[in-house]
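Enquirer: Pasting the sequence and the predicted coordinates here, then a few questions.
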Amino acid sequence: MEHARRWSWVAVLVVGLGLFALVRRATLHTDNPNLIPSLILLGAMVIPVTFVAFLAGRRIAYGVSGGTLALTALVGGIIGVVTAGVLEFDTLHDLGMLPMVAVGLIEESAKLILPLALVFFLKPRRPADGLLIGVASGAGFATLETMGYAFVELIRSNGSISAVDDVLFLRGVLSPAAHMAWTGLTAAALWYAAEHRWQASAVLRFVGVFVVAVGLHATWDSLASTPAYAILAIISLGLLGVTTHRASVESRSTLHQGSLTAKSA
């Protein structure tokens, strides 16, 4: 069972890409515009869903169910996209411009709305759970945002499927190192603060991680170049990898202590 869970992401990726290729071929063959929403949806969600499955399959004691993750991706993504869209519009209207720092601050805050609500309801509170919930919320946000960009590109290119492919591929490949990684990091820090009963040091740790996420986001939006994306992706995924490793060690330690306590009792 554990082995199957660990490699489930491969099945998700293969099936997702297969369905996308099938819908794409049918769209090109029939020129049926009714298939385009399915094409955009599949293309936008394959990589984010695969990455969530990949993290869920790591050797970490998660306490959240697949249903909770799916709900987080859907509801958190919708709340995040709508909130960010409204706040960015209002900021642009009030200031006449939209600084990249403001974009980073707004979007990173919007993606945390549902994780912030869940941290008060889900118990026990483990950083590993926060990490996975944050990644799921980021996945939902990334999927919906990519769908929007793909739809706009479809209109601009007068219905070019190739142009849509480029948007879906680029944003899909980059999503784990962007929205998903940043929200995963901040949500893990948020769960850590809750686990330690909102002690000042734990809260400051969360604030520090959030500031780093906003900084990475703002830098990402400011430097529109492939080398810059590559460097930022390495940094973001590196931080996520370190956080995942720590969560793994902490969860194993907790399970070991719980096992010892049960045996002694």
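Expert: That came through, no problem.

Enquirer: residue boundaries of the helices in this structure?
Expert: With DSSP state H as the criterion, the chain has helices at 2-6, 8-30, 36-56, 66-71, 77-95, 100-110, 113-118, 127-156, 161-174, 179-195, 200-222, 226-264.

Enquirer: Out of those, which is the most enclosed?
Expert: helix 179-195 (a mean of 28; mean count of other C-beta atoms under 10 Å). From N, CA and C alone the C-beta is placed, and that goes for glycine too.

Enquirer: what distance separates that helix from the middle of the whole chain?
Expert: Distance of helix 179-195 from the chain centroid (C-alpha atoms, centre = their mean, to the nearest Å) equals 11 Å.

Enquirer: for that helix, packing partners?
Expert: In terms of contacts (3 or more C-beta pairs under 8 Å, 6 or more residues apart in numbering; DSSP states H and E), helix 179-195 is packed against helix 36-56, helix 100-110, helix 113-118, helix 127-156, helix 200-222, helix 226-264.

Enquirer: picking that back up, can you list the helices of the chain in CSV and add mean pLDDT?
Expert: Shown next, in CSV, are these (pLDDT from 0 to 100):
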stretch, mean pLDDT
helix 2-6, 72
helix 8-30, 96
helix 36-56, 95
helix 66-71, 91
helix 77-95, 93
helix 100-110, 95
helix 113-118, 94
helix 127-156, 95
helix 161-174, 93
helix 179-195, 95
helix 200-222, 96
helix 226-264, 76
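
Enquirer: closest to Ala177 out of the helices and strands packed on helix 179-195?
Expert: Nearest to Ala177, of all the helices and strands packed on helix 179-195, is helix 226-264, at 3.6 Å by C-beta to C-beta.

Enquirer: Touching, Met180 and Glu145? I think so.
Expert: No: the pair Met180 / Glu145 is not scored as a contact, 11.6 Å apart, by C-beta atoms under 8 Å.

Enquirer: picking that back up, can you lay out the helices and strands packed on helix 179-195 as a markdown table showing distance to Gly16?
Expert: Shown next, in a markdown table, are the helices and strands packed on helix 179-195 (distance: least, C-beta to C-beta, whole Å):
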| stretch | distance to Gly16 |
| --- | --- |
| helix 36-56 | 4 |
| helix 100-110 | 25 |
| helix 113-118 | 24 |
| helix 127-156 | 12 |
| helix 200-222 | 25 |
| helix 226-264 | 20 |
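
Enquirer: looking at those, which is closest to Glu88?
Expert: Judging those by C-beta to C-beta, what sits closest to Glu88 is helix 100-110, at 5.7 Å.

Enquirer: What is the closest one packed up against?
Expert: helix 77-95, helix 179-195, helix 200-222.

Enquirer: ok, 10 Å please
Expert: Here helix 100-110 touches helix 77-95, helix 127-156, helix 179-195, helix 200-222, going by 3 or more C-beta pairs under 10 Å, 6 or more residues apart in numbering; DSSP states H and E.

Enquirer: Adding distance to Gly241 as columns, could you present those in a markdown table?
Expert: As requested, those are exported to a markdown table (distance: least, C-beta to C-beta, whole Å):
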| stretch | distance to Gly241 |
| --- | --- |
| helix 77-95 | 24 |
| helix 127-156 | 11 |
| helix 179-195 | 9 |
| helix 200-222 | 15 |
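
Enquirer: between the ones you listed, which one is nearest to Ser8?
Expert: Between those, helix 127-156 lies closest to Ser8; by C-beta to C-beta that is 13.9 Å.
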